[in-house]
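[1] below are the sequence and a predicted model; questions follow.
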Amino acid sequence: MAIQIAQDPAADKVLSENSFALLTGMLLDQQFPMERAFMAPAKVLDRFGTLDPASIAAADPEQFKELCSIPPAVHRFPGSMAARIQELARIVADDYAGDAARIWNEAVSGSDLMKRMQALPGFGKQKAQIFVALLAKQLGVRPEGWEKAAGDYALEGYRSVADVTDAESLGRVRAYKQQKKAEAKAAK
């Protein structure tokens, strides 16, 4: 299945074909519209010329930060996120021989996958659960116990980026998030 999170054919193609791009999009999916976060890897590819984790990790941090800051920036906090992208790239290059897909393809269980995900910069429990659900729902990556690892994000419905497959589902996820925000605000 082709990924359609960015809602941009070129950016979604990058996400579908490059595991580091998908992982980077998830890293950037915070305090920023999700489709723009998932467009960022295509911007990095266009500006830097590659999404090779070793090359990104080895890039001069100031130059990489500048590249990520060119309007439209890769994130609303381009400087700190550029550093996070390089940190993520360094881990993928060093620990997974430059192949981000090894993080999930070599996981022996859902709990192992969660442990691997939470060891990455910027991936707390919730983000790791969402990414596990995304891998299962959209790529068919389902190590034993993935449902338990993904928690509520494994359920059917429109809860997170894991459920975005087109513009309509993006709208449904947005509506769900707004509803939850309103409920939380009302409970205060």
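    In hand now; what should we look at? Residues are numbered from 1 along each chain as shown.
[2] got the phi and psi for the residue nearest the centre of the chain?
    Nearest to the geometric centre of the chain sits M26, at 1.3 Å (C-alpha atoms, centre = their mean). Here is the backbone geometry of M26 (degrees, to the nearest 10): phi -70, psi -40.
[3] that one: what's it in contact with?
    For M26, the contacting residues are A37, F38, F123, K127, I130, F131, L134, V161, by C-beta atoms under 8 Å, 6 or more residues apart in numbering. Just so you know, the C-beta spots here come from the backbone N, C-alpha and C atoms, and that holds for glycine as well.
[4] for the lowest-mean-pLDDT helix or strand in the chain, packing partners?
    Ranked by mean pLDDT, DSSP states H and E, the weakest helix or strand in the chain is helix 167-187, scoring a mean of 91. Helix 167-187 sits against helix 34-48, with contacts defined as 3 or more C-beta pairs under 8 Å, 6 or more residues apart in numbering; DSSP states H and E.
[5] which residues does the helix it packs on contact?
    Contacts for helix 34-48 (C-beta under 8 Å, 6+ apart): 3, 5-8, 10-12, 14-15, 18, 20-22, 24-26, 28-30, 51, 55-56, 59, 64, 67-68, 70, 72, 74-75, 85, 161, 164, 170, 173.
[6] the contacts of M26: which two are farthest apart?
    Within the contacts of M26, two members stand farthest from each other by C-beta to C-beta: F38 and F123, at 15.4 Å.
[7] more neighbours: these two, which one.
    F38 (29 against 20; other C-beta atoms under 10 Å).
[8] and the nearest residue to the more buried one once chain neighbours are set aside, what is it in contact with?
    Distances taken as C-beta to C-beta, 6 or more residues apart in numbering put G25 closest to F38, at 3.7 Å, once the chain neighbours are dropped. Applying C-beta under 8 Å, 6+ apart, we find G25 in contact with I5, A6, L15, A37, F38, M39, A40, P41.
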